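> Provided below are the primary sequence and the corresponding predicted coordinates.
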Amino acid sequence: MSGKHLLELENISLNYHTLKDETTAIKDITMHVDTKEFISIVGPSGCGKTTLLSIIAGILKPSHGKITLNGRPIAETKNQIGYMFQRDQLFEWRTVLQNVRLGLEITHNRDPENEKYLNELLDKYGLGDFRDKYPHHLSGGMRQRVALIRTLVLRPEILLLDEPFGALDYQTRRTVIQDVSSIITREEKTSILVTHDLSEAVSLSDRIIVLSKRPSIVKAEFKTNLRKLENIEERKRTEEYKRIVDEIWKELEN
Amino acid sequence: MKQHPNYSQEHKRFLARHKRKSALILCSQLGLLVFILGLWELLAHFNLINTLIMSSPSRILATIGSLYSSGELFYHIGITLYETLLGFAISIILGGLIAIILWWSDTLRKILDPYIVVLNSLPKIALGPVVIIWFGAGMQSIVVICVLITIIIAVISMLNAFREVDKDKILLMRSMGANKFQILTKLILPASLPQFVSVLKISVGMSWVGSIMGEYLVSSAGLGYLIVYGSQVFRLDLVMASTLILCILACIMYLAVALLEKYVNKKRGL
């Protein structure tokens, strides 16, 4: 089936080795992601969701299995994966502009075209007036937007979102989720979100993949049509949303 | 504090109260100093204490005056300051390099770990005699002792700072394809700047300890020498005067680093 989808994972397993023990964190996971899709991965805590993201990012090597991006093994693809974390991980000693430029510096891609793209993104998402400010001058929501733009600048094929809303307070969280969702839709990015929050997963995604507890396997998969609605709160008021959340709950309780 | 015309009466009262309290604290601090010095001087004046052993503020000042007029004052200050600053600079530069190497190679860090622990727990001054035999009875030995006393804790603190940098930040850079050198220069070093400044602060104090201890062991000039010499010939005036000068110098250096720290933290929004 190689090459049909943007990202393909085939029978991915990962064993952890410690002096005491060998544990299987992930077992035989097969899944795929298509271009512009928004996928969420949910599951009980400690089920290896973050481990799976690290494998997709090419930071961890799986013990078994094949993983391809655009038909090529993931190890050969560089900078096609953007990462967002629970905390924004902005560099406090860099201004907003310098923060979003980080990836270009690392990859030695500071050409006028990329600089222009970077400035366009900042302007487009309301950070144009803050480019010379330091992160501690920004609100939590703005900081997370800067973090997102920092990854977008490298034009990644896939965005990996590792509980990026987890550290925010309730009110900020609502606006940040809406912001991130709109930006991803507008920039037509393919995204994989890892979260333990079902309402987040269902309201944001085209597809939700439920993992079992360790060693984790794909337990179930759910599709939604909610992304045709722009407003997240509106999505949450639909019958479809309530039904899918219910079904996932039942799946997790088994 | 900026004066703002729109402050409420209550806020103005709060500010006034705050100002009064600060003034009171400052006055008390100065008052305490004047009281102690005055009491000391009076007790000495009326021969209630033995000035041969206890000296007195006026005699200390007179000693400093005569050191100044004979040209010795700045000579001795210069020597000690030179030793201290040189020891401090070597410790920070060399210590920084060692910390970077130990951060770079985890295996090397693990290999050297027990040695660092032993060196850290050893009272470095015990190495003094060996240092003197190796480096000669001169300024070289003093600087080496100063470095020995300062560098270990500097290495340990800097390495800790490097290792405390958020792992997700490293992951982020790796996901962007950064190599280890980029992670060091773009993340580890700038992220550790506030801790680096506090290492400077600790090291300033340590290098004063180092140079004075060194001078106690082997020297023919410097403030430490004056203190030892003064005590040997029972000139407590000289001992006290040198100690006072030392105290002022160490304070100035500490304040300079503290100011730097304040500046760095302000820029970081800490």
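Yes, it's here.
> Burial check on the residue of the stretch 151-270 of chain B found nearest chain A, number of neighbours?
Among the residues of the stretch 151-270 of chain B, residue B:269 lies closest to chain A, at 3.0 Å counting by C-beta to the nearest C-beta. Heads up, the C-betas are built off the backbone N, CA and C, glycines and all. Residue B:269 has 11 neighbours, counted by other C-beta atoms under 10 Å in any protein chain shown.
> cool, residue A:169 as well?
Residue A:169 has 8 neighbours, counted by other C-beta under 10 Å.
> for residue A:222, same thing?
20.
> residues of whatever helix or strand it lives in that come out buried?
Per DSSP states H and E, residue A:222 falls inside strand A:218-223. By neighbour count on 16 or more other C-beta atoms under 10 Å in any protein chain shown, the buried set for strand A:218-223 is A:218, A:219, A:220, A:222.
> Please apply the same query to stretch B:95-114.
In stretch B:95-114, the ones that count as buried by 16+ other C-beta under 10 Å are B:95, B:96, B:98, B:99, B:100, B:102, B:103, B:109, B:112.
> List the residues that contact residue A:32.
By C-beta atoms under 8 Å, 6 or more residues apart in numbering or on different chains, the contact set of residue A:32 is A:1, A:4, A:5, A:6, A:7, A:8, A:9.
> Need the CA coordinates for the lowest-mean-pLDDT helix or strand in chain B. CSV is fine.
Here the helix or strand of chain B ranked lowest by mean pLDDT, DSSP states H and E is helix B:51-54, holding a mean of 85. C-alpha atoms of helix B:51-54 as CSV (Å, rounded to 0.1, in the frame of the first residue of the first chain):
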residue,chain,number,x,y,z
THR,B,51,43.9,49.3,71.8
LEU,B,52,46.9,47.2,71.2
ILE,B,53,44.6,44.2,70.7
MET,B,54,41.4,45.8,69.7
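> on contacts alone, who are the packing partners of that helix?
helix B:9-45, helix B:236-268 (3 or more C-beta pairs under 8 Å, 6 or more residues apart in numbering or on different chains; DSSP states H and E).
> C-terminal to it, what's the next element?
As assigned by DSSP H and E, the chain's next helix or strand after helix B:51-54 is helix B:57-69.
> Show me which residues of that next one are buried.
In helix B:57-69, counting by 16+ other C-beta under 10 Å, buried: B:57, B:59, B:60, B:63, B:64, B:67.
> Next, the angle helix B:9-45 makes with that helix.
90 degrees (axes from the mean of the first three to the mean of the last three C-alpha atoms, to 10 degrees).
> Looking at helix B:57-69 now, give me its mean pLDDT.
In this model, helix B:57-69 has a mean pLDDT of 93.
> quick one, helices of chain A?
For chain A, the helices defined by DSSP state H occupy A:49-56, A:96-100, A:102-106, A:112-124, A:140-152, A:170-186, A:198-204, A:232-236, A:239-253.
> what's in contact with the last one?
Going back to what we said before, that points to helix A:239-253. The set of residues external to helix A:239-253 that reach it, using C-beta under 8 Å, 6+ apart, is A:42-44, A:198-199, A:201-203, A:208, A:210, A:219-220, A:222, A:224-226, A:235.
> I would like a ChimeraX command selecting only the buried ones among the residues you listed, please.
A single ChimeraX command selects the buried members of these (16+ other C-beta under 10 Å):
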select /A:42,43,198,201,202,203,208,210,219,220,222,224,226,235
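> out of the contacts of helix A:239-253, which touch chain B?
Applying C-beta under 8 Å from any C-beta of the partner chain to those, one finds that nothing falls near chain B.
> okay if I get the helices of chain A as TSV plus mean pLDDT?
As requested, the helices of chain A are exported to TSV (pLDDT from 0 to 100):
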stretch	mean pLDDT
helix A:49-56	85
helix A:96-100	94
helix A:102-106	92
helix A:112-124	90
helix A:140-152	90
helix A:170-186	87
helix A:198-204	87
helix A:232-236	84
helix A:239-253	84
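> Need these in a markdown table (columns: distance to residue B:156).
Below are the helices of chain A laid out as a markdown table (distance: least, C-beta to C-beta, whole Å):
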| stretch | distance to residue B:156 |
| --- | --- |
| helix A:49-56 | 31 |
| helix A:96-100 | 31 |
| helix A:102-106 | 30 |
| helix A:112-124 | 40 |
| helix A:140-152 | 33 |
| helix A:170-186 | 39 |
| helix A:198-204 | 43 |
| helix A:232-236 | 49 |
| helix A:239-253 | 47 |
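> which of the contacts of residue A:32 are buried?
Neighbour-count burial (16+ other C-beta under 10 Å) is assigned, among these, to A:5, A:6, A:7, A:8, A:9.
> hang on, isn't the fourth one packed against residue A:67?
Yes. Under the criterion of C-beta atoms under 8 Å, residue A:8 makes contact with residue A:67 at 7.0 Å.
> how far does whichever strand or helix holds residue B:147 sit from the chain's center?
Residue B:147 is part of helix B:139-163, with elements assigned from DSSP H and E. Distance, stretch centre to chain centre, for helix B:139-163: 12 Å (C-alpha atoms, centre = their mean, to the nearest Å).
> what's the burial count for residue 138?
Reading this off chain A. With other C-beta under 10 Å as criterion, residue A:138 counts 18.
> hm, I was asking about chain B
Neighbours of residue B:138 under the rule other C-beta under 10 Å: 12.
> Leaving out sequence neighbours, find the closest residue to it.
residue B:218 (7.3 Å; C-beta to C-beta, 6 or more residues apart in numbering or on different chains).
> From residue B:89, how far off is the one you found?
Distance, residue B:218 to residue B:89, using C-beta to C-beta, to the nearest Å: 21 Å.
> between the two, who's got more neighbours?
Neighbours were counted for residue B:218 and for residue B:89 using other C-beta under 10 Å; residue B:218 has more, 21 against 14.
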